[in-house]
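> coords please:
(one chain, ligands or ions: 2)
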Amino acid sequence: MLTAARNEMLTRVGPGTAMGALLRRYWQPIAGASELDGKNPIKPVRLLGEDLVLYRDRGGRYGLIDRHCPHRRADMTYGWIEDKGIRCSYHGWLVDESGTCLEQPYEDTTNPKPSKAGCETKAYPVKECAGLLFAYLGPKPAPELPVWEPFTWRNGFREIVLADVPCNWFQCQENSCDPVHFEWMHDNWGARLRGGEANAAPKHLKLKFEEFEHGFVYKRVREGQSEQDRYWTVGRVALWPNGFYLGSHFEWRVPVDDENTLSVAWFFMRVPKEREPYVQERVPVWKSPIRADDGRWITSHVINQDIVAWVGQGRIADRTKENLRSSDVGIAMMRSRFFKEIETMEAGKEPGGIIRSANAAACIALPNMAREFNTEGVALADYDKDPILRQRLKQFRHHYGQPPEVRRAFVAAMGIAGP
Ligand code: FES
Ligand SMILES: [Fe+2]
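Ligands and ions are numbered 1, 2, ... in the order given. Now for the predicted structure:
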């Protein structure tokens with residue numbers, strides 16, 4: 001349980017808030033690069049309570065600038081890109097990715113020495129990695145963008161799935177350190193949704209939560225498992241500050257504002273040995289719907305089920321009314337780490353997990369239960385021996401609504417019969 005004031009501190013993310021300032025110290029994934037390589041390379045983005053526009057100009061530079069034009073505030077989403085920068089469609093002002101105003105057509109025509117002083121617009125750096133676009137909204141200089149080891153893996157089919165989740169980011173992130181919900185939400189409830197009756201999923205018998213440089217690791221033993229199992233020897237990672245890493249995929253809970261979150265998930269599926277070498281030219285990006293036509297949340301897929309839990313807690317979960325127990329040790333650890341890092345930052349020091357050395361950021365290994373499969377690969381016949389891999393070949397179970405063209409690309413990459 002938290003006081004209302006502490007709950008506010010965890011959940012408010014706009015400019016000028018403590019948590020907003022902390023989260024701005026870290027690169028945040030905001031889109032897939034392939035979203036901007038089509039006909040419309042301009043996308044409106046709301047991030048940490050700020051309205052922005054993301055674009056890729058003809059020179060291939062990414063920009064993330066104020067959504068409103070520095071002239072008289074027209075919407076830059078309806079502008080167009082040029083060789084360098086983006087031009088407003090109202091009176092043609094041109095600005096670049098640094099926020100510099102390059103052209104003011106009427107002034108440039110009529111005034112021999114036009115001054116553009118004071119006409120800069122807000123601009124944030126953007127970097128591409130593994131098909132994702134990351135933005136940094138904090139004080140300069142920006143830290144290094146962490147290149148997690150899975151981003152360097154080869155011979156894999158990657159895809160990015162986005163979902164608009166109408167609730168605060170922190171309740172989504174608490175789910176990253178909550179092993180027991182797998183038993184109930186995904187196993188027992190999943191069985192009910194498929195028409196089953198019994199609460200027959202293997203029970204959790206033992207939990208352990210550990211902190212490390214890049215977040216928390218949770219470990220568990222369930223009925224039928226032992227401490228020799230990789231779920232106990234390796235575990236899964238609640239990635240600091242707002243990610244989740246499960247061995248072959250990442251999820252981030254990116255705050256849009258206090259009451260909305262962009263769920264960003266990045267998936268890697270190693271192609272069978274016989275398909276190597278495999279080079280994926282373009283990482284597909286798609287949006288997963290979360291509501292059915294009847295207005296109820298979609299419950300058929302794993303992350304959609306998680307979303308039912310997150311939104312069910314309210315737009316901003318009321319933590320003055322909860323009852324934490326021993327299953328929630330990881331959640332309590334995570335909250336106290338956030339409070340501590342806010343204090344560190346407010347004392348003028350660098351909060352944890354920020355990387356300043358390019359070498360250190362180049363390939364960061366994380367605890368990974370699926371390392372051999374993802375780095376060494378196996379023959380197609382061996383996928384059948386592993387229930388998770390077998391299932392993964394058959395269908396994409398993480399998010400509802402995978403588009404047929406993404407399924408076709410996956411099937412072609414894997415060399416299996418489609419769709
Ligand atoms: S409002 Fe954008 S150029 Fe005038
Ligand atoms: Fe889950």
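> In stretch 328-348, which residues are buried?
By 16 or more other C-beta atoms under 10 Å, the buried positions in stretch 328-348 come out as 328, 330-331, 333-335, 337-338, 341-342, 345. Every residue, glycine included, has its C-beta placed from N, CA and C.
> swap in stretch 380-397?
Result for stretch 380-397 [16+ other C-beta under 10 Å]: buried residues 380, 383, 389, 392-393, 396-397.
> ok, now stretch 175-189?
Quick answer for stretch 175-189 (16+ other C-beta under 10 Å): 175-183, 185-189.
> First-to-last residue distance for that stretch?
The straight-line separation of the ends of stretch 175-189 (C-alpha to C-alpha, to the nearest Å) is 16 Å.
> Repeat that for stretch 175-191.
Stretch 175-191 has an end-to-end distance of 20 Å (criterion: C-alpha to C-alpha).
> what do you get for stretch 188-199?
Taking C-alpha to C-alpha as the criterion, the two ends of stretch 188-199 lie 5 Å apart.
> what's it in contact with?
200-201, 299-300, 305 (C-beta atoms under 8 Å, 6 or more residues apart in numbering).
> Now the residue of the stretch 301-419 of the chain found nearest ligand 1: closest residue in space, sequence neighbours ignored.
Of all residues in the stretch 301-419 of the chain, the one sitting closest to ligand 1 is residue 315 (33.3 Å; C-beta to the nearest ligand atom). Once flanking residues are discounted, residue 315 sits nearest to residue 259: 4.4 Å by C-beta to C-beta, 6 or more residues apart in numbering.
> and the gap between that neighbour and ligand 1?
Here the distance between residue 259 and ligand 1 works out to 29 Å (C-beta to the nearest ligand atom, to the nearest Å).
> how many neighbours does that residue have?
Residue 259 has 16 neighbours, counted by other C-beta atoms under 10 Å.
> Residue 121 now?
Neighbours of residue 121 using other C-beta under 10 Å come to 23.
> that's a strand at it, yeah?
No: assignment of residue 121 by DSSP: H, G, I helix; E, B strand; the rest coil gives coil, placing it outside any strand.
> Okay, it and ligand 1: tell me how far apart.
Taking C-beta to the nearest ligand atom, one finds residue 121 at 10 Å from ligand 1.
> roughly how far apart are that residue and residue 82?
Per C-beta to C-beta, to the nearest Å, residue 121 is found 15 Å from residue 82.
> do residue 418 as well
Relative to residue 82, residue 418 is positioned 41 Å away (C-beta to C-beta).
> before we move on, what about residue 259?
Distance from residue 259 to residue 82, by C-beta to C-beta: 36 Å.
> Looks to me like residue 6 is in a strand.
No: per three-state DSSP, residue 6 lies outside any strand segment and is helix.
> so it sits right up against residue 339, yeah?
Yes: contact criterion C-beta atoms under 8 Å: residue 6 and residue 339 qualify, at 7.3 Å.
> Just grab the bridge partners of the most centrally placed residue in the chain for me.
Per C-alpha atoms, centre = their mean, the C-alpha nearest to the average position across the chain is that of residue 252, at 2.7 Å. Counting by DSSP bridges, residue 252 is bridged to residue 243, residue 264.
> Tell me who's in contact with it.
So residue 252 contacts 28-29, 239, 242-244, 263-265 (C-beta under 8 Å, 6+ apart).
> Looking at it now. What's its pLDDT?
Looking at residue 252, its pLDDT is 98.
> do the same with residue 388
Value for residue 388, per-residue pLDDT: 89.
> tell me the SS of it?
helix.
> Mind jotting down where the helices sit in the stretch 301-419 of the chain?
302-312, 329-346, 358-361, 371-376, 380-383, 387-394, 404-414 (DSSP state H, counting those that start in this stretch).
> Residue 35 contacts residue 285, doesn't it?
Yes: counting by C-beta under 8 Å, residue 285 is a contact partner of residue 35 at 5.2 Å.
> Please spell out which residues along the helix or strand containing residue 163 are buried.
Element membership for residue 163, per DSSP states H and E: strand 156-165. Neighbour-count burial for strand 156-165 flags 156-163, 165 (criterion: 16+ other C-beta under 10 Å).
> ok, so of those, who is nearest ligand 1?
Using C-beta to the nearest ligand atom, those come closest to ligand 1 at residue 162, 28.6 Å.
> mind checking pLDDT for that closest one?
In this model, residue 162 carries a pLDDT of 98.
> my guess is it meets residue 262, correct?
Yes: Residue 162 is within contact range of residue 262, at 6.3 Å (criterion: C-beta under 8 Å).
> gap between residue 247 and residue 373?
Noted for residue 247: a distance of 9 Å to residue 373, by C-beta to C-beta.
> so what sits against both of these two?
By C-beta under 8 Å, 6+ apart, no residue touches both residue 247 and residue 373.
> Now residue 187: closest residue in space, sequence neighbours ignored.
Nearest non-adjacent residue to residue 187, counting by C-beta to C-beta, 6+ apart: residue 201, 3.3 Å away.
> Quick one: the strands in the stretch 51-200 of the chain, in order.
Using DSSP state E, counting those that start in this stretch, the strands found in the stretch 51-200 of the chain span residues 62-66, 80-81, 86-87, 94-95, 101-103, 123-124, 126-129, 132-135, 156-165.
> Can you lay out those as CSV showing distance to ligand 1?
Below are the strands of the stretch 51-200 of the chain laid out as CSV (distance: least, C-beta to the nearest ligand atom, whole Å):
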stretch, distance to ligand 1
strand 62-66, 11
strand 80-81, 12
strand 86-87, 8
strand 94-95, 9
strand 101-103, 10
strand 123-124, 15
strand 126-129, 21
strand 132-135, 22
strand 156-165, 28
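> a markdown table for the ones you listed, including distance to residue 274?
Shown next, in a markdown table, are those (distance: least, C-beta to C-beta, whole Å):
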| stretch | distance to residue 274 |
| --- | --- |
| strand 62-66 | 37 |
| strand 80-81 | 42 |
| strand 86-87 | 45 |
| strand 94-95 | 50 |
| strand 101-103 | 52 |
| strand 123-124 | 44 |
| strand 126-129 | 29 |
| strand 132-135 | 29 |
| strand 156-165 | 14 |
